[in-house]
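In: here's a sequence, model it:
(chains A and B)
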There are 2 protein chains.
Amino acid sequence: MHRVKVRVVEDALDANNTIARANRDDFDRHGVTVVNLMSAPGSGKTTLLEKVLGPGIPGVRTAVLEGDVQGSLDADRLAKHHIDVVQLNTDNGFGGECHLDANMVRSALPALPLADIDLLIVENVGNLVCPAEFLMGEDARIMVASVAEGEDKPLKYPLMFRACELVIVNKIDLLEHVDFDMDRFLYHLDAVHPGVAHLQVSARTGEGVEEVRDWLARLPERAGAPA
Amino acid sequence: MHRVKVRVVEDALDANNTIARANRDDFDRHGVTVVNLMSAPGSGKTTLLEKVLGPGIPGVRTAVLEGDVQGSLDADRLAKHHIDVVQLNTDNGFGGECHLDANMVRSALPALPLADIDLLIVENVGNLVCPAEFLMGEDARIMVASVAEGEDKPLKYPLMFRACELVIVNKIDLLEHVDFDMDRFLYHLDAVHPGVAHLQVSARTGEGVEEVRDWLARLPERAGAPA
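Out: As a prediction, this is how the structure comes out:
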């Protein structure tokens, strides 16, 4: 069974990459920079988006594509902050896909105001494994890790921490209440992804949120530059 | 692509159930009760096992099968507490399976001391979607949810919360530092899985750990009773 499954998945990844390139062409045509935002469940992605996008980023028109297995709780939260948001559910299938893929994102493109935005943030399904495997045509990937999850996560889920351009260490307001050694986390992070950018943030208190906003505002020029 | 994928996965689930029944026969032959322990990454499953199994459960000989994408960090932690543990890694394949399945558990059976234990706890890969889809021949499923993850998780990952016999709400020592309304969480939980048992625990401080130990000690009689 295992061998067959791997072959099928590799075929699926090929198809996914083909569709991701088609998405990329559409994003380029409209001059939209796209971020794939990934994390474990409950790391604070949505609260971060509320705080970062709620006040708006000067000169950057943004929208969010909200991926969830089921429901529209997060999209509803963002809409309350007057953030343009489109909901994408993954629960058709065998009980819910644990990640977004290029085809799911593609199916949402007609609902997205690509001609009127500069930055699209795709909030992926909360999961530290599969989202890292499926490109969607994005310019950059941001990974959010909460200090409540523990300092060992880069070692346990290395692909996810390797597949991103920015790691946001969130919930730093909890640092004094949990067993989390920031230096050790950053040491582990550097071991699996040497030199990756990282920001220490509390979406709840707002600490570090301005730095996230700055990083996003500067993304189009970086994404447009030769790799 | 999507339609093809669903069909393949359904075939895989059929095969999985067949292998799960074979595992079940082996567990029954040895009189071993098996628990599938599931949660999001960083919810505190391993710390909970340290606290519950470290001192031992009187009259219950236990072992742990430790599932991780990569590495043996959790198994090493448990071994320090003199807990019998076997490591199972899922990283062969296309970058790491996001769940354990019956065949992976079956591949570990020869390494497990089934003749000498009463209770096997299988610590699944941290993920709130796919682990709920793959039976492994277990008697019961326990789901750990940390208060740091937020009170909306039952609504966002309903299959996982429906697929378990016990929900452990962990990290209650953080309650005063996070935005988590326990009543609201339990209301959401009851909406997706009416009447499911739940325990409020802090694996870190030890609060509620004795209740978990009691629940596990009483599991064999419940599992042996007609459904």
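
In: tell me the contacts of the residue positioned nearest the centre of chain A?
Out: For chain A, the residue nearest the mean C-alpha position is A:Leu37 (0.7 Å; C-alpha atoms, centre = their mean). Shown in contact with A:Leu37 (C-beta atoms under 8 Å, 6 or more residues apart in numbering or on different chains): A:45, A:49, A:121-124, A:141-142, A:144. Any C-beta I mention is one placed from the backbone N, CA and C, and that applies to glycine too.

In: surely it is within a strand?
Out: Yes. The assignment for A:Leu37 by DSSP: H, G, I helix; E, B strand; the rest coil puts it in a strand.

In: stretch A:55-66 - what's its average pLDDT?
Out: Confidence for stretch A:55-66, expressed as mean pLDDT, is 94.

In: from one end of that stretch to the other, what's the distance?
Out: End-to-end span of stretch A:55-66 (C-alpha to C-alpha, to the nearest Å): 19 Å.

In: tell me the buried residues in it?
Out: A:57, A:60, A:62-66 (16 or more other C-beta atoms under 10 Å in any protein chain shown).

In: same thing with stretch A:183-202?
Out: By neighbour count with 16+ other C-beta under 10 Å, stretch A:183-202 contains the buried residues A:185-186, A:188-189, A:192-193, A:196, A:198-202.

In: same question for stretch A:26-33.
Out: The neighbour-count check on stretch A:26-33 (16+ other C-beta under 10 Å) flags A:27, A:30, A:32-33 as buried.

In: could you list which of those also contact chain B?
Out: When the buried residues of stretch A:26-33 are filtered against chain B using C-beta under 8 Å from any C-beta of the partner chain, no residues are retained.

In: which one of those residues is nearest to A:Ile117?
Out: Within these, the smallest distance to A:Ile117 is 5.9 Å, found for A:Val32 (C-beta to C-beta).

In: quick check: that closest one touching A:Ile121?
Out: No. With contacts defined as C-beta atoms under 8 Å, A:Val32 does not count as touching A:Ile121, sitting 10.7 Å away.

In: just the ones of the buried residues of stretch A:26-33 in strands?
Out: If you go by DSSP state E, the buried residues of stretch A:26-33 have A:Thr33 in strands.

In: show me which helix or strand of chain A is least confident by mean pLDDT.
Out: The helix or strand of chain A with the lowest confidence, counting by mean pLDDT, DSSP states H and E, is helix A:219-224 at a mean of 77.

In: that helix: which residues count as buried?
Out: Buried residues in helix A:219-224, counting neighbours by 16+ other C-beta under 10 Å, are found at A:219-220, A:223.

In: chain B next: which of those are close?
Out: When C-beta under 8 Å from any C-beta is applied, no member of the buried residues of helix A:219-224 is adjacent to chain B.

In: and the strands in chain A?
Out: Taking DSSP E as the criterion, chain A carries its strands at A:33-39, A:62-68, A:85-89, A:119-123, A:140-146, A:166-170, A:197-200.
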